[in-house]
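Student: Requesting a structural model of the entry that follows:
(one chain, ligands or ions: 1)
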Amino acid sequence: MITKRIKSVFSAVALFALLFVMMGCNPESPQSTFDTHGPVAEIQKNVFMFTFWIAVFVFIIVEGGIIYLTFRFRKKDDKLPSQIHGNLKLEIMWTVIPAIIVVIIAVPTIMALWKTQVMPNEEDSLIVEAVGHQWWFEFKYPTEEIVTANELHLPEDKDVIVKITSQDVIHSFWVPKIAGKIDMVPLHENLLYLHADTPGLYYGQCAEFCGIVHALMRFRVIVHSEEDYQKWLEEMRTPPMKTANGTPEDEGRKLFVGNCSMCHTADSYKKGAYHKEKEAQNSRWEEWKNNKEESDIVSAPNLTHFGNRITLGAGLKENNYDNLVKWIENPDSLKIGTRMKNHASIYKSDNNLTSEQVEQIAKYLLSLKPSNENMATYNN
Ligand code: CUA
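Tutor: Residues are numbered from 1 along each chain as shown. Model prediction:
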């Protein structure tokens, strides 16, 4: 009786697990590898589908054989059936057939590796540096001297070489609809070839367990038409509107300078800011590394033109006033375990901000947009 019940519970769980896994195959899902938007993802999908159908064929033959033999040779009497142990013909057959299947699968696999792992010419490609941090992504454009975080902007139909590394532990860079994943390893550079066919918004995810907030370490890729991409570059070099004296935004700016600017930079539109930010990020890291438990300073996302960001908390929530207030008030309410909450002095009991001050900082951050009236919005 009990074993029967266990069996039915087990079957139900297995069925749900199967349905759950199959839901992941839905191309509508934001991280589905079946809805490809670039040649790299397309090549990888094709290898998968090719292997999948061969596996389906093998499955049908083997399972069909088992079912047929089960019924065809059911025990009818006590006579021992003829034994095939050591049958040379059969042994050769079931060694050679799988070997041939492996060779058949190896050909497109090796060709795909060749096409996706050999980097395009650096001169004709956009170079981006992606750095993993616990638990967010830093994106740098060394030629354009632009630095940003958690939202990677790319032009459509352009070869991109992403130089991938990490500052702390091993992470993994993955934009399922555009390309496969690759590890972000400290003190080591990995290269990833990206090429996006269609403008749009794509989801990225850290795909290597990297600590308590691993699952919420996300990013977005925003692919623009060439024209919009140039506009974005221009905007990244345009300062935001000056906050007017006496406004909540201006109070927020002062609070930001006093409480947040040791870790967050928000003025990368300035000339030379790119190299300064690189140095600052390194010294923040050194400070934290040498003083882990007590450090007030940690590596943190660049917040230049934060008002134009789609998300906050590394791709976690929509970037709007309410979410931002919640986030600044208590990052743990959205994402437990961030270094901001654990180390920034404003969260240490004697140094808390009032609700009004939190609101002022939120208003200031949302006001950080290029001051050009005709700026494009990226909320599509
Ligand atoms: Cu970073 Cu998982």
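Student: where are the low-confidence patches of the chain?
Tutor: Low-confidence segments of the chain, defined by pLDDT under 70: 1-2, 23-24, 351, 372-380.
Student: Okay, helices next: where are they in the chain?
Tutor: Here the chain has its helices, by DSSP state H, at 2-23, 39-72, 88-117, 226-236, 248-259, 273-290, 321-329, 339-343, 355-366.
Student: now those in TSV, with distance to the ligand?
Tutor: Every C-beta, even on glycine, is put in place using the N, C-alpha and C of the backbone. Shown next, in TSV, are the helices of the chain (distance: least, Cβ to the nearest ligand atom, whole Å):
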stretch	distance to the ligand
helix 2-23	21
helix 39-72	20
helix 88-117	22
helix 226-236	25
helix 248-259	26
helix 273-290	16
helix 321-329	19
helix 339-343	13
helix 355-366	24
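Student: Same list (the ones you listed) but as TSV, adding distance to residue 194 and mean neighbour count.
Tutor: Formatted as TSV, the helices of the chain follow (distance: least, Cβ to Cβ, whole Å; neighbours: other Cβ atoms under 10 Å):
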stretch	distance to residue 194	mean neighbour count
helix 2-23	26	9
helix 39-72	7	13
helix 88-117	10	12
helix 226-236	14	16
helix 248-259	33	18
helix 273-290	21	16
helix 321-329	29	18
helix 339-343	28	19
helix 355-366	29	20
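Student: Can you give me the distance of the residue lying closest to residue 51 once chain neighbours are set aside to residue 47?
Tutor: Of all residues not flanking residue 51 in the chain, residue 105 sits nearest, at 5.4 Å (Cβ to Cβ, 6 or more residues apart in numbering). Using Cβ to Cβ, to the nearest Å, we find residue 105 at a distance of 8 Å from residue 47.
Student: likewise residue 163?
Tutor: 25 Å.
Student: again, but for residue 256
Tutor: Residue 256 is 48 Å from residue 47, by Cβ to Cβ.
Student: number of nearby residues for residue 205?
Tutor: Each residue near residue 205 was counted by other Cβ atoms under 10 Å, and the total is 19.
Student: Report the contact partners of it.
Tutor: 31, 174, 176, 217-219 (Cβ atoms under 8 Å, 6 or more residues apart in numbering).
Student: Show me which pair in those is furthest apart.
Tutor: Checked with Cβ to Cβ, the contacts of residue 205 reach their widest spread between 176 and 217, with 14.8 Å between them.
Student: Could you check which of these two is surrounded by more residues?
Tutor: Between residue 176 and residue 217, residue 217 has the larger neighbour count (other Cβ under 10 Å), namely 27 against 23.
Student: who wins for proximity to residue 126 among the helices of the chain?
Tutor: With Cβ to Cβ as the criterion, residue 126 lies closest to helix 226-236 of these, at 9.1 Å.
Student: returning to that earlier point: out of the contacts of residue 205, who's nearest the ligand?
Tutor: For the contacts of residue 205, the closest approach to the ligand (Cβ to the nearest ligand atom) belongs to residue 217, at 4.1 Å.
Student: Just give the closest residue to the residue of the stretch 251-380 of the chain found nearest the ligand, not the sequence neighbours.
Tutor: The stretch 251-380 of the chain approaches the ligand most closely through residue 314 (9.3 Å), counting by Cβ to the nearest ligand atom. In space, and not counting its chain neighbours, residue 314 is closest to residue 136: 3.9 Å by Cβ to Cβ, 6+ apart.
Student: Who are the contact partners of that neighbour?
Tutor: 149-150, 217, 219, 301, 314.
Student: before we move on, what about residue 309?
Tutor: Applying Cβ under 8 Å, 6+ apart, the residues near residue 309 are 150-151, 319.
Student: Can I get those in TSV including distance to residue 366 and neighbour count?
Tutor: Shown next, in TSV, are these (distance: Cβ to Cβ, whole Å; neighbours: other Cβ atoms under 10 Å):
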residue	distance to residue 366	neighbour count
150	16	24
151	15	22
319	8	21
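Student: Return the member of the residues you listed nearest to residue 287.
Tutor: The nearest member of these to residue 287, counting by Cβ to Cβ, is residue 150 at 21.9 Å.
Student: Residue 268: neighbouring residues, count only.
Tutor: Neighbours of residue 268 under the rule other Cβ under 10 Å: 20.
Student: Correction: the previous question concerned residue 162.
Tutor: 24.
Student: what separates the nearest residue to it once chain neighbours are set aside from residue 163, distance-wise?
Tutor: Closest residue to residue 162 apart from its sequence neighbours, by Cβ to Cβ, 6+ apart: residue 192 at 4.4 Å. For residue 192, the distance to residue 163 (Cβ to Cβ) stands at 8 Å.
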